[in-house]
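In: only geometry, no sequence info:
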């Protein structure tokens with residue numbers, strides 16, 4: 001199959017689409033990627049790139065990557081974010097058509113975390129190339145805008161809903177990362193085009209001698225009861241819960257809560273750590289995705305949190321699949337689908353979103369378990385991952401879904 005991937009975010013930014021593209025290419029499919037200049041999550045264009053100018057390069061030697069100019073997100077602020085979103089649309093419409101001139105594809109596949117507006121350049125390409133357009137919906141719009149507080153005005157949210165309905169109307173297949181997404185997405189689209197396709201994870205066992213984690217941090221991970229949270233440190237992740245839990249569990253002298261990543265709430269966390277003298281809260285900083293298995297394999301357990309909001313209850317945070325693959329117990333403070341997966345997998349302990357006392361109790365329970373009990377939780381999670389979220393299997397499943405949908409639509413036109 002010939003697949004044109006359109007995504008505002010791509011390698012060297014750390015997103016699931018990187019490994020999916022790698023697997024599709026390894027399975028013999030022709031894949032080309034249209035994207036922007038990497039600047040997520042810190043809002044600064046990565047070294048080796050410039051915000052201005054069109055650029056082409058290769059990924060994994062076999063995948064052509066075309067990068068349109070992009071205004072970086074900046075450090076904070078709604079205006080900067082809106083300019084970033086708008087610049088991707090404008091430059092995508094300007095540069096992408098020439099990047100695929102004279103080419104043909106069976107499917108255009110859009111990786112669509114926020115913003116859903118990133119689908120707009122692909123809609124034009126669908127018309128120009130006469131290809132099947134599939135969108136992998138990672139966030140619910142307009143629900144996520146309301147949940148994060150980005151937009152609170154109900155009239156504006158209603159207008160965004162109309163826009164989402166228009167975008168979905170132009171799409172042939174809507175893939176959703178959570179079963180709980182099926183009904184909310186179907187409110188804005190023909191239910192017949194909505195298909196469950198979960199996020200997956202590329203399992204890469206670490207080579208212990210090959211890591212850039214500083215020696216003092218490695219020693220901490222290996223010698224303390226370390227619980228690792230990895231990923232974006234933003235408003236949706238309810239990092240306030242983690243800070244409060246660290247404060248409440250000072251009496252567990254061996255406990256370390258290790259935050260790996262960066263994001264809009266990092267400076268707030270730093271100030272709280274300092275003002276409260278939270279020595280059990282370790283801010284590791286941001287590391288490449290290739291380092292995550294090193295953190296996970298050395299951790300006693302892994303942490304995931306989300307804000308308490310209906311929109312977030314529909315979501316399975318992508319780190320859950322990575323945590324399950326790592327074979328470590330999971331402590332989660334979240335509602336809905338994410339909690340259901342962890343419970344169904346028998347992979348750890350869960351409490352409600354933003355429930356500080358509940359999460360603290362879960363951590364204490366894990367702390368007092370035997371090593372065999374912890375190992376049992378981790379291995380149950382690992383088995384669930386292999387059955388439901390393993391990347392190679394899910395990459396092949398994507399091709400099956402796209403082929404089926406393409407044939408169904410061709411049949412309906414006869």
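Out: Right, received. Where do you want to start? This one's a predicted model, so the numbers in the text were calculated from it and none came from an experiment.

In: next SSE after the lowest-mean-pLDDT helix or strand in the chain?
Out: Using mean pLDDT, DSSP states H and E, helix 143-147 stands out as the lowest-scoring helix or strand of the chain, at a mean of 79. Counting by DSSP states H and E, the element after helix 143-147 in chain order, helix or strand, is helix 154-169.

In: just the mean pLDDT for the helix or strand following that next one, thanks.
Out: Moving toward the C-terminus from helix 154-169, the next helix or strand (DSSP H and E) is strand 173-176. Mean pLDDT, computed over strand 173-176, is 98.

In: got a list of contacts for the least confident helix or strand of the chain?
Out: 114, 151-152, 157, 160, 184, 236, 307, 309-312, 314 (CB atoms under 8 Å, 6 or more residues apart in numbering). Any C-beta I mention is one placed from the backbone N, CA and C, and that applies to glycine too.

In: now do 10 Å
Out: 113-116, 138-140, 150-154, 156-157, 160-161, 164, 184, 187, 235-236, 306-315 (CB atoms under 10 Å, 6 or more residues apart in numbering).

In: drop anything exposed from those residues.
Out: Buried by 16 or more other CB atoms under 10 Å: 113-116, 138-140, 150-151, 160-161, 164, 184, 235-236, 306-309, 311-315, out of these.

In: just the ones of the residues you listed in helices?
Out: When these are checked against helices (DSSP state H), the matches are 160, 161, 164, 184, 311, 312, 313.

In: for the residue lying closest to the second one once chain neighbours are set aside, what are its contacts?
Out: The reference is to residue 161. Among residues not flanking residue 161 along the chain, residue 142 sits closest, at 5.1 Å (CB to CB, 6 or more residues apart in numbering). Applying CB under 10 Å, 6+ apart to residue 142 gives the contacts 116, 150-151, 154, 156-164, 188, 311.

In: next one: residue 90
Out: 68, 69, 70, 71, 120, 121.

In: if you rank those residues by neighbours, which is first?
Out: Ranked by the number of neighbours (other CB atoms under 10 Å), these place residue 121 first, at 25 neighbours.

In: surely that residue and residue 97 touch.
Out: Yes: between residue 121 and residue 97 there is a contact under CB atoms under 10 Å: 8.8 Å.

In: any idea how far residue 136 is from residue 111?
Out: Distance from residue 136 to residue 111, counting by CB to CB, to the nearest Å: 5 Å.

In: and if you look at residue 407?
Out: According to CB to CB, residue 407 and residue 111 sit 23 Å apart.

In: the two - which one has more neighbours?
Out: Using other CB under 10 Å as the criterion, residue 407 and residue 111 rank with residue 111 on top: 25 against 11.

In: what mean pLDDT does the host helix or strand of the more buried one have?
Out: According to DSSP H and E, residue 111 maps onto strand 107-112. For strand 107-112, the mean per-residue pLDDT is 98.

In: pull up the pairing partners for the strand or helix carrying residue 64, direction included.
Out: Using DSSP H and E, the element containing residue 64 is strand 63-67. Partner strands for strand 63-67, per DSSP bridges, with pairing direction: strand 30-35 (parallel), strand 55-59 (antiparallel).

In: I'd like those as a markdown table, with distance to residue 340, mean neighbour count and mean pLDDT appended.
Out: What follows is the strands paired with strand 63-67, written out as a markdown table (distance: least, CB to CB, whole Å; neighbours: other CB atoms under 10 Å; pLDDT from 0 to 100):
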| stretch | distance to residue 340 | mean neighbour count | mean pLDDT |
| --- | --- | --- | --- |
| strand 30-35 | 33 | 23 | 98 |
| strand 55-59 | 34 | 13 | 97 |
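
In: turn these into CSV, columns for distance to residue 271.
Out: As requested, these are exported to CSV (distance: least, CB to CB, whole Å):
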stretch, distance to residue 271
strand 30-35, 34
strand 55-59, 38
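
In: count the residues that sit near residue 264.
Out: A count of nearby residues for residue 264, using other CB under 10 Å, gives 21.

In: quick one: it is in a helix?
Out: No: with DSSP: H, G, I helix; E, B strand; the rest coil as the criterion, residue 264 is coil rather than part of a helix.

In: skipping adjacent residues, who's closest to residue 14 in space?
Out: residue 289 (4.3 Å).

In: re earlier: and the contacts of residue 142, which is closest to residue 348?
Out: Distance ranking of the contacts of residue 142 against residue 348, using CB to CB, places residue 311 first at 23.2 Å.

In: which residues does that closest one contact?
Out: Residue 311 makes contact with 139-148, 184, 236, 336 under the criterion CB under 10 Å, 6+ apart.

In: for the helix or strand encompassing residue 5, which positions count as buried?
Out: Using DSSP H and E, the element containing residue 5 is strand 2-6. For strand 2-6, the neighbour count (16+ other CB under 10 Å) marks 3, 4, 5, 6 as buried.

In: pick the one among those closest to residue 177.
Out: Nearest to residue 177, judged by CB to CB, of the buried residues of strand 2-6 is residue 5 at 16.1 Å.

In: what angle separates the strand holding residue 64 from strand 2-6?
Out: Angle, strand 63-67 to strand 2-6, by axes from the mean of the first three to the mean of the last three CA atoms, to 10 degrees: 30 degrees.

In: for my notes, confirm residue 406 occurs in a helix.
Out: Yes: the assignment for residue 406 is a helix, going by three-state DSSP.

In: run a quick neighbour tally on it.
Out: By other CB under 10 Å, the residues close to residue 406 number 18.

In: correct me, but it touches residue 108?
Out: No: the criterion here is CB under 10 Å, and residue 406 misses it with residue 108 at 11.4 Å.

In: alright, I will stop here.
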